[in-house]
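# sequence unknown, structure follows:
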Ligand SMILES: Cc1ncc(COP(=O)(O)O)c(C=O)c1O
């Protein structure tokens, strides 16, 4: 069996199809309600796709977090879990897997990615060291740093923010920007330097191994702590294997171990990496381990479970090992590519090159008439739900926090993320989503903006409630019903 085909098979007809290298043996029923019903639901739930009940969603493309399909081996491992508060065998099994995977010595368990960020920010961010440098911020990372009075500085190249591009590794550090920042801020004021795999907010864009090496060498030379967010490592690994020449013939295990050796601290959301629900922090640096260790029982739980169910820990241990299977990690990127190509063929503007995590629709090119102050990405998310029952996630100005003076912090990008969790959707469901978004694009002039009805002070995108500016949603549904009288 060849690994090199990455399951991208060309049909005799010439069509390229992302072939599934798995079969479904357990399924969940989904509902497709009508556009009229969807308008009622959206109004009731404050135009926030986080607040939609799953029973009223057809394709849940909100996120890949905790919703990737698990393998039969993961389910089987759950039965063997050792449930004890302290000293559980499950912990030692997971610790051993992580030691082998990243080549690191210590593992601190935490219940999910943001819990690791809380611990990291508590341990490293202070009045003396308020600055964190990163390729690009992630919402929860930034919130934890800001909560402690810190500031996040970004170093991706300006070209990484162009939604249409052929730059293969948009998550790379711009070393000129990085060096200038370190000089400006002073190395002594930097809490840590962060590299995020599969850079989430710019469209699931990967970081190259070459860039990680450069950043690591710079940090070692300047005595800076380098932290790696490995939550989206699986997708990033696929792109290293397919886009970075020296990785083409390297085995995945050796690439991951090299990455581990370049970093001082690695943390991850096990809701993403390992396709389960959990997380943790890995390091070989004893001082870093000691700095964070005592915070685990305080915030998470005892050191051998860290707030996780032991069943999830067993599933995560198996899932992390399965990250080294190219057929496992190729599934999301290949489906994202198929989704993106389908949308492009319908004229829909999407982020290129296609990344991991999901297909990212560019709201600023889709509905340029909606000003950023009226949250175009959120408005497009609502419109996509109205016409297809598809739940996407706003990744634009609404996902930002306001400036300290209360003014809007306008996002660099206005995106709608349509996540493609691993092995969850069929190809025809992807085609359905693309078809409905294609219809919406033809009727894009009907889409208007949103305004807040209720705005939480932190991470407002999770629980905020909005309403349409004017009656565009009613008019959009009327137009949809003309073309699709069943409303489906
Ligand atoms: C890159 C990245 N880091 C951190 C997190 C936070 O992880 P969690 O949702 O498990 O708290 C996420 C989650 O989406 C993520 O994508």
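That came in fine, so what should we check first? Quantities reported herein were computed from a predicted structural model and do not represent experimental measurements.
# Please tell me how far the residue in the stretch 1-150 of the chain positioned nearest to the ligand sits from residue 271.
Across the stretch 1-150 of the chain, no residue is closer to the ligand than residue 113, which sits at 2.3 Å (Cβ to the nearest ligand atom). Every C-beta, even on glycine, is put in place using the N, C-alpha and C of the backbone. Counting by Cβ to Cβ, to the nearest Å, the separation of residue 113 from residue 271 is 7 Å.
# who touches both of these two?
When contacts are counted by Cβ atoms under 8 Å, 6 or more residues apart in numbering, the set common to residue 113 and residue 271 consists of residue 279.
# Looking only at neighbour counts, state which of those two leads.
When residue 113 is set against residue 271 and neighbours are counted by other Cβ atoms under 10 Å, the residue ahead is residue 113, at 26 against 23.
# Next, the contact list for that one, please.
For residue 113, the contact set (Cβ under 8 Å, 6+ apart) comprises 140, 229, 231, 267, 268, 269, 270, 271, 272, 279.
# so residue 179 sits right up against residue 221, yeah?
No: shown here, residue 179 and residue 221 do not form a contact pair, counting by Cβ atoms under 8 Å, at 10.8 Å.
# neighbour count winner among these two?
Neighbour count, other Cβ under 10 Å: between residue 179 and residue 221, residue 179 has more, with 14 against 8.
# Not counting sequence-adjacent ones, nearest residue to that one?
With sequence-adjacent residues excluded and distances taken as Cβ to Cβ, 6 or more residues apart in numbering, residue 179 is closest to residue 218, at 7.3 Å.
# quick one: the helix or strand harbouring the one you found to chain centroid distance?
The secondary structure element spanning residue 218 is helix 209-221 (assigned by DSSP states H and E). Averaged C-alpha coordinates place helix 209-221 at 23 Å from its chain's average position (Cα atoms, centre = their mean, to the nearest Å).
# just stretch 348-357 next, same as before
For stretch 348-357, the gap between its own C-alpha mean and the chain's C-alpha mean amounts to 13 Å (Cα atoms, centre = their mean).
# Now the residue of the stretch 1-150 of the chain closest to the ligand. Nearest residue, chain neighbours left out?
Leaving aside its chain neighbours, residue 113 sits nearest to residue 269 (2.9 Å; criterion: Cβ to Cβ, 6+ apart).
# next one: phi and psi at whichever residue of the stretch 201-350 of the chain sits closest to the ligand?
When Cβ to the nearest ligand atom is the measure, the stretch 201-350 of the chain has its nearest residue to the ligand at residue 269, with 3.1 Å between them. Backbone dihedrals for residue 269, given as degrees, to the nearest 10, come out at phi -90, psi 120.
# Tell me how many other residues surround residue 346.
By the criterion of other Cβ under 10 Å, residue 346 has 14 neighbours.
# Just checking: what are the partner strands of the longest strand belonging to the chain?
The single longest strand within the chain, with elements called by DSSP state E, is strand 190-196. Strand 190-196 has these partner strands in its sheet, going by DSSP bridges: strand 131-134 (parallel), strand 226-229 (parallel).
# TSV for those strands, including mean neighbour count?
Putting those into TSV (neighbours: other Cβ atoms under 10 Å) gives the following:
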stretch	mean neighbour count
strand 131-134	24
strand 226-229	26
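# Redo those as a markdown table? Include mean pLDDT and distance to residue 85.
Written out in a markdown table, the entries for those read as follows (pLDDT from 0 to 100; distance: least, Cβ to Cβ, whole Å):
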| stretch | mean pLDDT | distance to residue 85 |
| --- | --- | --- |
| strand 131-134 | 98 | 34 |
| strand 226-229 | 98 | 29 |
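# Same list (the ones you listed) but as JSON lines, adding distance to residue 9.
Listed next are the strands paired with strand 190-196 as JSON lines, based on distance: least, Cβ to Cβ, whole Å:
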{"stretch": "strand 131-134", "distance to residue 9": "38"}
{"stretch": "strand 226-229", "distance to residue 9": "33"}
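# Quick one: those as TSV, columns for distance to the ligand too.
Converted to TSV, the strands paired with strand 190-196 look like this (distance: least, Cβ to the nearest ligand atom, whole Å):
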stretch	distance to the ligand
strand 131-134	10
strand 226-229	5
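# Can you list phi and psi of the residue nearest to the spatial centre of the chain for me?
What sits nearest the mean C-alpha location of the chain, by Cα atoms, centre = their mean, is residue 200, with 4.5 Å. According to degrees, to the nearest 10, the main-chain angles of residue 200 amount to phi -60, psi -60.
# Spell out which residues sit in contact with residue 208, please.
168, 169, 172, 240, 243, 244.
# Which parts of the stretch 201-350 of the chain are helices?
Ranges of helices within the stretch 201-350 of the chain are 209-221, 233-243, 252-262, 286-293, 295-299, 310-322, 326-329, 331-345, based on DSSP state H, counting those that start in this stretch.
# got the ones you listed as a markdown table, with distance to residue 74 and mean pLDDT columns?
Output for these, formatted as a markdown table (distance: least, Cβ to Cβ, whole Å; pLDDT from 0 to 100):
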| stretch | distance to residue 74 | mean pLDDT |
| --- | --- | --- |
| helix 209-221 | 28 | 98 |
| helix 233-243 | 14 | 97 |
| helix 252-262 | 18 | 98 |
| helix 286-293 | 28 | 97 |
| helix 295-299 | 24 | 97 |
| helix 310-322 | 4 | 98 |
| helix 326-329 | 11 | 94 |
| helix 331-345 | 15 | 96 |
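# Can I get those helices in TSV including distance to residue 425?
As requested, the helices of the stretch 201-350 of the chain are arranged in TSV below (distance: least, Cβ to Cβ, whole Å):
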stretch	distance to residue 425
helix 209-221	30
helix 233-243	16
helix 252-262	24
helix 286-293	37
helix 295-299	35
helix 310-322	19
helix 326-329	16
helix 331-345	7
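# Now distance to the ligand too, for the ones you listed, in CSV please.
As requested, the helices of the stretch 201-350 of the chain are exported to CSV (distance: least, Cβ to the nearest ligand atom, whole Å):
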stretch, distance to the ligand
helix 209-221, 15
helix 233-243, 9
helix 252-262, 15
helix 286-293, 16
helix 295-299, 13
helix 310-322, 12
helix 326-329, 16
helix 331-345, 13
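# which stretch among those comes nearest residue 42?
Using Cβ to Cβ as the criterion, the shortest distance between residue 42 and these is 22.0 Å, found for helix 331-345.
# In the closest one, which residues are buried?
Within helix 331-345, the residues that qualify as buried are 331, 332, 333, 334, 335, 336, 337, 338, 339, 340, 342, 343, counting by 16 or more other Cβ atoms under 10 Å.
# and of these, the nearest to residue 359?
Lowest distance from residue 359 to the buried residues of helix 331-345 (Cβ to Cβ) belongs to residue 339, with 4.2 Å.
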